[in-house]
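Novice: Model the structure of this input:
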Amino acid sequence: MKETEIKALIALLEDPDQEVFQHVEQELITSGPVIIPLLEENWQASFDPLSQTRIENIIHKIQLEQVQNELQLWAIQNQEDLLEGLLIVSRYQYPNLDENAVQLQIAEIRRNAWFEMIYDMTPMEKVKLLNNIIFREFGLSGNTSNYHDPQNSFINKVLETKKGNPISLACIYSIIAQKLDIPIYGVNLPKHFIVAYLDDENQAPLFYINVFNRGQIMKHTDIYSFLKQLNLPIIDDYTQPCSNIAIIKRVLRNLKTAYDNIGNMEKKSEVAHLLNLIDDMD
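Specialist: Got it, this is the predicted structure:
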């Protein structure tokens, strides 16, 4: 669609006729993200509250559709890249997210750990080093004062505020570890997401790490006792590393609950739809 045609459609957003608006809205949404600058330009120039509200809603719908498409594509083609999945979730709330800033922050933390790594470190020594770099030097910690804040689910905000929930902290921890060739992966433990340090030989957990508690080491017996307290069975789904899709699903479930807690039913519904798009892709 030519720019003149797009501008003509945007001009019709002031039309009070609902049928006309619905047709215009659909045409604009179908045009995709490329028209957002024109919509924003018109919003700034407009003095009509109805037109401004409609433009805001159209921009949001275009951006939401883009996130939906990116999430589905990631699940099909690129699910090995956990960071990209987390960035897509963040783009739901922050469509103009500076991904490069997030990548650079992760790279800096990884570099700081790499400088202090010694080749023959034991697994415990490597975890101790990671804990020192991530929690002590960088200052990452659990958001105990606002545990259900939606911001805890967006990796850019977690890195900015240095506070997050168990799964966001675990994701950052495992991403940095894997970039250092340290075999640490997420474990979908009910009620509390953790990570596991895997044995090189059989890829089974050597021990577990409670990232929300500043990297506390947990033994197998600790996990079994925790499951017993919850009256849950000791099965691989709860004790072995999970897929990246399973991690993103849990991030979205947490986010949906967070919006429910603050009464934002519109965002809760949108996140539920994102979750449904990948619900059968594990």
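Novice: only C-alpha atoms for contact and neighbour calcs from this point on.
Specialist: OK.
Novice: What residues does the closest residue to Glu116 other than its chain neighbours make contact with?
Specialist: Once flanking residues are discounted, Glu116 sits nearest to Leu129: 7.7 Å by C-alpha to C-alpha, 6 or more residues apart in numbering. Residues near Leu129 by C-alpha atoms under 8 Å, 6 or more residues apart in numbering: 113, 116-117.
Novice: do the same with Cys242
Specialist: By C-alpha under 8 Å, 6+ apart, the contact set of Cys242 is 185-188.
Novice: how near is it to Leu198?
Specialist: 12 Å (C-alpha to C-alpha, to the nearest Å).
Novice: Quick check: neighbours shared by the two?
Specialist: With C-alpha under 8 Å, 6+ apart, Cys242 and Leu198 have common neighbours Tyr185.
Novice: follow-up on the earlier one: of all the contacts of Cys242, which comes closest to Asn202?
Specialist: Comparing the contacts of Cys242 against Asn202 with C-alpha to C-alpha places Tyr185 closest, at 14.2 Å.
Novice: So what pairs up with that closest one in the strands?
Specialist: Ala196 (DSSP bridges).
Novice: For the helix or strand hosting Gln44, list every residue counted as buried.
Specialist: Here Gln44 sits within helix 36-45, counting by DSSP states H and E. For helix 36-45, burial by neighbour count (16 or more other C-alpha atoms under 10 Å) applies to 36, 39, 42-43.
Novice: With pLDDT and distance to Leu255 added, can I get the contacts of Cys242 in JSON lines?
Specialist: Converted to JSON lines, the contacts of Cys242 look like this (pLDDT from 0 to 100; distance: C-alpha to C-alpha, whole Å):
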{"residue": "Tyr185", "pLDDT": "98", "distance to Leu255": "21"}
{"residue": "Gly186", "pLDDT": "98", "distance to Leu255": "18"}
{"residue": "Val187", "pLDDT": "98", "distance to Leu255": "18"}
{"residue": "Asn188", "pLDDT": "96", "distance to Leu255": "16"}
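Novice: Tabulate the CA atom coordinates of the helix or strand containing Ile175 in CSV.
Specialist: In the assignment (DSSP H and E), Ile175 maps to helix 166-179. Extracted in CSV, the C-alpha atoms of helix 166-179 (Å, rounded to 0.1, in the frame of the first residue of the first chain):
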residue,chain,number,x,y,z
PRO,A,166,12.8,-17.2,40.4
ILE,A,167,12.4,-18.0,36.7
SER,A,168,13.7,-14.7,35.4
LEU,A,169,16.8,-15.0,37.6
ALA,A,170,17.3,-18.6,36.7
CYS,A,171,17.1,-17.8,33.0
ILE,A,172,19.8,-15.1,33.3
TYR,A,173,21.9,-17.4,35.4
SER,A,174,21.7,-20.3,33.0
ILE,A,175,22.2,-18.2,29.9
ILE,A,176,25.4,-16.7,31.3
ALA,A,177,26.6,-20.1,32.5
GLN,A,178,26.0,-21.7,29.1
LYS,A,179,27.9,-18.9,27.3
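Novice: could you pull out the strands for the stretch 1-150 of the chain?
Specialist: Counting by DSSP state E, counting those that start in this stretch, the stretch 1-150 of the chain has strands at residues 141-142.
Novice: show me where pLDDT drops low in it?
Specialist: 1 (pLDDT under 70).
Novice: and with 90 instead?
Specialist: 1-28, 30-32, 34-35, 37-55, 119 (pLDDT under 90).
Novice: In the helix holding Ile175, which of the residues would be classed as buried?
Specialist: For helix 166-179, by 16+ other C-alpha under 10 Å, it's 166-177.
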